[in-house]
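A.B. asks: Show me how the following folds:
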Amino acid sequence: VLPVFSQLTLLWQLFLSYSLLGKKYPFTQLVGIAMVAVGVGTAAIPGDSSVTLNVSSCATYLIVYILSLGFPSVATIFKEKVFKDAKATLGTDLDIFVVNTFSSMFQGIGVLLFLPVISRLQGVSFRNIPSYMSEGFYCFIGQGSTYGVDSTGAPFFPLLYVGMNLAFNISVLRLLRSTSSVISSMVLSSTIPLTILAFMVHLPLLPAPRPVGPMFWPGVGILFLGLGIYNFHKAGPSKEKEG
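C.D. replies: Numbering: from 1, shown residues only. Sure thing, here's the model as predicted:
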């Protein structure tokens, strides 16, 4: 369900790109973006007919989730602007590792500032946070049995995740630096079908995979067709040059 609604990030990107960066997109590109979103949403439809969504019972949470997509979209737009301004001012590309380091640092500060709220939402009282983090540390180093928690695969799998996540973030920043926020969002959307296929493989520590839905391959076809249509044109500034 979330992969379907997460495609609304593209709408956020279009709105912010137009309002903050002054870009406009021709009709064919808008059609391409819409097809990418529809294709990913179609491919993500589960094959299990027992999986249903009662919209009326979780409408509030869906609205909060959709609104929350605006925050990473704003962050991506600002990063695109920083890259473009640095290129125009310094005459060279801004170092990817500098941007990634500062982004991660402020993200960590934000998590620490909101830790009381986050812990409360997770059902952990503020006074239990030290013991909760201690348990997490022992699980990370593979000693979760001390607290009666299964930590099979640690610390290899946690470190593997950290390494892959770091490589992924750097790759996304390189793509953002050389293209735009909208294109990078479409590429990220395109990885959802690949993720679904990856979970079709018997992977360690994961439950038995489920077959893909009947609309998976049609959705992938729509996605790639949308990417092809989008690349027929290039976005230009919305403000006309003064003659």
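A.B. asks: Leaving out chain neighbours, which residue sits closest to L227?
C.D. replies: V36 (6.2 Å; CB to CB, 6 or more residues apart in numbering). All C-beta atoms are positioned from the backbone trio N, CA, C, and that covers glycine.
A.B. asks: For this protein, spot the helix or strand the model is least confident about on average.
C.D. replies: In the chain, no helix or strand scores lower on mean pLDDT, DSSP states H and E than strand 236-237, which sits at a mean of 47.
A.B. asks: returning to that earlier point: residues contacting the residue nearest to L227?
C.D. replies: Taking CB atoms under 8 Å, 6 or more residues apart in numbering, we find V36 in contact with Q7, L10, M186, S189, S190, L223, G226, L227, Y230.
A.B. asks: Let me have the residues you listed in TSV, adding neighbour count and secondary structure as columns.
C.D. replies: Shown next, in TSV, are these (neighbours: other CB atoms under 10 Å; DSSP: H, G, I helix; E, B strand; the rest coil):
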residue	neighbour count	secondary structure
Q7	22	helix
L10	22	helix
M186	24	helix
S189	23	helix
S190	18	helix
L223	24	helix
G226	24	helix
L227	19	helix
Y230	24	helix
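A.B. asks: mind putting the residues you listed in a markdown table, pLDDT and distance to F97 included?
C.D. replies: Below are the contacts of V36 laid out as a markdown table (pLDDT from 0 to 100; distance: CB to CB, whole Å):
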| residue | pLDDT | distance to F97 |
| --- | --- | --- |
| Q7 | 80 | 30 |
| L10 | 88 | 28 |
| M186 | 90 | 25 |
| S189 | 86 | 26 |
| S190 | 85 | 25 |
| L223 | 92 | 31 |
| G226 | 92 | 32 |
| L227 | 89 | 29 |
| Y230 | 89 | 30 |
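A.B. asks: C-terminal to the host helix or strand of the residue nearest to L227, which secondary structure element comes first?
C.D. replies: Assigned by DSSP states H and E, V36 belongs to helix 27-43. As assigned by DSSP H and E, the chain's next helix or strand after helix 27-43 is helix 59-68.
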